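*Asks:* Model the structure of this input:
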Amino acid sequence: MDRQAPELIRAGSEVDFIVDFYSRMLALLDQGAVSSVFDLLGAEIRPLPSELRGRLEADIALAIRLRENVEHKLKREHELIALNETARDLSAMRDTDQVLQAIIRRARQLVGSDIAYLSAAPDDRSPLHVRATEGVISEAFATIIVPRDVGICGSVVRTRRPCQSGQYRSDRRFHHDPVIDAAIQSEGVVSILGIPLELEAHIIGVLFVADRYERVYNPQEISILQSLGTFAALAIENARLLEEGQRALSMARDANLALRAKADDIESAAIAHERLTELIARGGSLEDLRHRVATLLGGDAIILDERQIAIAGGLPDAMPENGLASAIRESVRLGRSVQFEAAPAGIVTVAAVTSGAVRLGALVFIRSKPMSSPEIRTLERAALVTGIVLLSMERVAETAYRNVADIISALLRGTSDPFGPEGSQALPAGVSLSWPVTILLVSCKDGFAAHLPQALRAAASGRQTIGAAFNGDLAVATANHDWMELARRIAAALEEGGRHTYNIVASQPVSDIAAATAEYQRLRRALALLRSLGQSGRVVPEKVLSLYALLFDGQGEDAARQFIHQTIGHLLDHDRRRKAHLAPTLFAYFETGRSLQRAADMLAIHVNTMRQRLDAIGAICPDWSEPNRGLELHMALRLHRLSETLPA
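*Replies:* Sure, this is the predicted structure:
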């Protein structure tokens, strides 16, 4: 509050103070200030006469009560909105069986399983009945009734977490039922994964995928099935609520008008939900999803990846980057959409797209007017669908990447010609690669090649380029003549990901599989030499290092540095202490065929200075002029010079 209020009382009239006091109190009410702020007004009126102070204190108390009433009404309003949104969401589905069938079909496709099925129960005590199946052959399997303490189903219900088994029939972690085991055996099922269908505090069902061979389901597959499980849980619960609503409607005709008004809102949300569900069930693209969201909500929709780069649609130029980034972070924290105004673009609503603790991107919606609560819920549902589509695309990309990894392995191991008439058919769509190729080998100490980030994959791919992890390194084959530009892109992707301990070596162009295998061995020796020299962040042709790499091959991690230290260490230490130039002088002398004059010219010094420096070198290394010793010194000086002049 204004600290000059007492002075105003003394300097001005009491009426002016009271007018100013009530003006500020009304402003606090308008701003929605908390009750503690009004207490500061009470501190300002203490110097006033007791009668006037008592009246003002009573008005402050009234203002606090008014504020509390407003807060209570706002809280009640928020509760009613939440109740309305819940009723709308759970009443959206019309044909539950059709939706469940589409969900398990999609689950089977996304995880690539032999079988998918869904079991559900009417309450949290009844056994679970199979509601929908996909890929099942025997009729007995579709009629399974599973008690809540049997098999994987019982484990999922008990722990409320996904559960899997690679050898279910022999897995003694679970209680087995002979009838159920017989039905599973009739299908030839070996591996099973169960995902809980949880609604509030109850497990209402379990979504399963199964395979007829031993398999371990990875976290990404489990995550995408959990997203699909959310749809299944809502569809089952919505069907139950819809049935209860219909019974209530037949028993209470006098509430028909009120129910009709609510039904209109639910209908519009149901249409949006059905369209989004249909889109994911048929495997729509990101552009299809973006267009559908824009059409449903009447605005412009943009889909961003985890780096906030638009991958469907485009952000307007006027969009503030800081505001967008802040909104995405807030949406991740809150678990719901966030709105902010970005003139002249309009009102921006951001819904983060996540999968568990992983942020996949964001769905951004822009239009001139704010969104209503039902529209916000539709956008948030669309963000969930976006996450499923992104995870599906990532799975497709992983499959394509595995094909590329097989091609790179065949190339470097020399097992087959991947660019010949037959091998080229396995190249990814849009890639045209043939002999000759240049091979780049990228080494990184933190083992990044085991899980290459998407940005690095993009940098190491193109129409004439493929790249994949091989033997702990990133191997890239390219027909592009400008291999240095490709290396720069890879280096930029590495540095953007926070990795600076890489080295990149490039081969000469090779024209057949035998040459590629031999060149790969030379590249590995070159990387080993760079590590031995303590280098990082270097991009260099292999031919620059080939002679020295061969000499130190298999000699140990620090062999090159130890050789330099043991051979010319005293000379280098002298130069560092005295700020002398004896090592460059001896290098120039050897490089010019032991010519005093040419070495002096090379160093731009007088020939007498050259003689003086050689005398100083003789004092440190008395045997430097002997042929064998001179050869060792020359090689050590070249290695030292090489480690200082390699391009970064």
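*Asks:* Look up how far residue 596 lies from the nearest residue to residue 634 once chain neighbours are set aside.
*Replies:* In space, and not counting its chain neighbours, residue 634 is closest to residue 590: 4.3 Å by C-beta to C-beta, 6 or more residues apart in numbering. C-beta coordinates here come from the backbone N, C-alpha and C atoms, glycine included. Distance of residue 590 to residue 596, computed by C-beta to C-beta, to the nearest Å: 12 Å.
*Asks:* give me the number of residues near residue 609?
*Replies:* Around residue 609 there are 13 other residues, counting by other C-beta atoms under 10 Å.
*Asks:* Wait, it touches residue 599, no?
*Replies:* No. In this structure, residue 609 is not within contact of residue 599 by C-beta atoms under 8 Å, at 10.6 Å.
*Asks:* one step back: distance-wise, check the residue nearest to residue 634 relative to residue 70.
*Replies:* Distance of residue 590 to residue 70, computed by C-beta to C-beta: 88 Å.
*Asks:* the more surrounded of these two?
*Replies:* Set side by side, residue 590 and residue 70 show more neighbours around residue 590, with 18 against 12, by other C-beta under 10 Å.
*Asks:* can you list the residues that contact the helix or strand harbouring that one?
*Replies:* Per DSSP states H and E, residue 590 falls inside helix 582-591. If you take C-beta atoms under 8 Å, 6 or more residues apart in numbering as the criterion, helix 582-591 is touched by 568, 571-572, 574-575, 595-596, 599, 602-603, 610, 613-614, 616-617, 620, 624, 630, 633-634, 637-638, 640-641.
*Asks:* So how do I select the buried members of the residues you listed in PyMOL?
*Replies:* Those of the contacts of helix 582-591 that count as buried under 16 or more other C-beta atoms under 10 Å are selected in PyMOL with:
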select buried, resi 568+571+572+574+575+599+602+603+610+613+614+616+617+624+630+633+634+637+638+640
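*Asks:* Inside strands: which ones of the contacts of helix 582-591?
*Replies:* Using DSSP state E, no member of the contacts of helix 582-591 falls within strands.
*Asks:* Which ones among the contacts of helix 582-591 lie within helices?
*Replies:* Cross-referencing the contacts of helix 582-591 against helices under DSSP state H gives 568, 571-572, 574-575, 596, 599, 602-603, 610, 613-614, 616-617, 620, 630, 633-634, 637-638, 640-641.
*Asks:* which residues touch residue 123?
*Replies:* Counting by C-beta under 8 Å, 6+ apart, residue 123 makes contact with residue 202.
*Asks:* Roughly how far does it sit from residue 241?
*Replies:* Distance, residue 123 to residue 241, by C-beta to C-beta: 14 Å.
*Asks:* Please apply the same query to residue 600.
*Replies:* From residue 600 over to residue 241 the distance is 95 Å, taken as C-beta to C-beta.
*Asks:* Please say which of the two ends up with more neighbours.
*Replies:* Counted by other C-beta under 10 Å, residue 600 and residue 241 do not tie: residue 600 has more neighbours, with 21 against 16.
*Asks:* Need the pLDDT of the more buried one.
*Replies:* pLDDT recorded at residue 600 is 87.
*Asks:* quick one: it and residue 609 touch, right?
*Replies:* Yes. Residue 600 is within contact range of residue 609, at 7.1 Å (criterion: C-beta under 8 Å).
*Asks:* Overlap in contacts, these two.
*Replies:* Contacts common to residue 600 and residue 609, judged by C-beta under 8 Å, 6+ apart, are absent.
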